[in-house]
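Trainee: quick one, fold the following:
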Amino acid sequence: MRKSSHRLVTIGGAPRAREATRLPVPPRPKIQYGEAPPDPWASDGLAEVGLVRGDLARFRPHAGGRWREAVVERRERDGSVGVRDGNGAARAIPLASLEVRRRGPRGGLVWLPADELAEEPEQRRLL
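Mentor: Modelled structure (predicted):
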């Protein structure tokens, strides 16, 4: 005689596995949609250097090293720019060693030095 744990049991005419072998279903995670857009006129000091929170930037942690991408977060007290790298680590990068991704004159993406952006006058963006 076979063990009953391997047989299908019919309940109400439909074949079902035994209830003892079912695992509890975990609750569904809540879906989080994108963050709120950053305030374009926030007084965090980034507008003074031509940056906006959320801009994609890159830096070299060592001289001659490869570029690391990061996201602009804030302006630090010493004048450097606070970024968050791909590993989630917060870093303070001097303005002279940071490059920001922008649209070029012909529509392509180019990397511009952040200290040059600080010197250019910036037109306010429309909401």
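Trainee: just the strands from this protein, written as ranges.
Mentor: For the chain, the strands defined by DSSP state E cover 9-11, 14-16, 56-59, 68-75, 81-85, 90-93, 98-103, 109-113.
Trainee: got the contact list for the fourth one?
Mentor: Just to be clear, that refers to strand 68-75. 44-46, 48-49, 51-61, 81-86, 90-91, 93, 100 (C-beta atoms under 8 Å, 6 or more residues apart in numbering). All C-beta atoms are positioned from the backbone trio N, CA, C, and that covers glycine.
Trainee: how many residues are close by residue 99?
Mentor: For residue 99, the count of nearby residues is 21 (other C-beta atoms under 10 Å).
Trainee: how close does it get to residue 27?
Mentor: 44 Å (C-beta to C-beta, to the nearest Å).
Trainee: low-confidence regions, the chain specifically.
Mentor: For the chain, residues meeting the criterion pLDDT under 70 lie at 1-26, 28-43, 120-127.
Trainee: quick one: the helices in it?
Mentor: Per DSSP state H, the chain carries helices over the ranges 114-119.
Trainee: circling back: just the buried subset of the contacts of strand 68-75, written out for PyMOL, thanks.
Mentor: Only the buried entries of those go into this PyMOL selection, using 16 or more other C-beta atoms under 10 Å:
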select buried, resi 46+49+51+52+53+55+57+58+59+81+82+83+85+91+93+100
